[in-house]
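Asker: Sequence below, structure please.
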Amino acid sequence: MKKCLTLILAATITLSACGKSDEKAALEKDVDKLEKQNKDLKKQQEKLKKEHDKLKEKSKSLEKDISADT
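Answerer: Numbers count the residues shown, from 1 in each chain. All right, here's what the predicted structure looks like:
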């Protein structure tokens with residue numbers, strides 16, 4: 001009886017430990033994926049800021065041209 005309980009307890013602990021390591025691996029994979037997405041979004045944000053600045057300068061240049069013509 002004690003051997004049976006010990007085996008059941010050992011099996012339960014082993015299975016729960018395996019599940020936790022799988023869960024941990026999945027979470028680490030998700031974290032890596034989110035970090036990559038974050039990096040990509042930061043690059044995209046930087047690109048958009050540069051484009052915004054260029055358009056702002058172009059707008060100012062056009063305003064100067066218009067005011068110089070009048």
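Asker: only C-alpha atoms for contact and neighbour calcs from this point on.
Answerer: Fine.
Asker: what helix or strand does K56 sit in?
Answerer: helix 2-69 (DSSP states H and E).
Asker: tell me how far that helix is from the chain's mean position?
Answerer: 0 Å (C-alpha atoms, centre = their mean, to the nearest Å).
Asker: Looking at that helix now, give me its mean pLDDT.
Answerer: Confidence over helix 2-69 (mean pLDDT, whole number) is 86.
Asker: what's it packed up against?
Answerer: Using 3 or more C-alpha pairs under 8 Å, 6 or more residues apart in numbering; DSSP states H and E as the contact test, no helix or strand touches helix 2-69.
Asker: number of nearby residues for C4?
Answerer: 9 (other C-alpha atoms under 10 Å).
Asker: Sorry, wrong one. I was asking about K36.
Answerer: Per other C-alpha under 10 Å, the neighbour tally for K36 reads 12.
Asker: and what of L27?
Answerer: Neighbour tally, L27, other C-alpha under 10 Å: 12.
Asker: From K33, how far off is it?
Answerer: Distance, L27 to K33, by C-alpha to C-alpha, to the nearest Å: 10 Å.
Asker: Check K58 too.
Answerer: Using C-alpha to C-alpha, we find K58 at a distance of 38 Å from K33.
Asker: How about I13?
Answerer: 30 Å.
Asker: what's the answer for L62, then?
Answerer: 43 Å.
Asker: Ok, T12 next?
Answerer: For T12 relative to K33 (C-alpha to C-alpha), the value is 31 Å.
Asker: Number of residues surrounding S21?
Answerer: Neighbourhood size, S21 [other C-alpha under 10 Å]: 11.
Asker: Could you do E28 as well?
Answerer: 12.
Asker: Tell me how far it lies from D22.
Answerer: For E28 relative to D22 (C-alpha to C-alpha), the value is 10 Å.
Asker: contacting residues around A25?
Answerer: Contact analysis of A25 by C-alpha atoms under 8 Å, 6 or more residues apart in numbering lists nothing.
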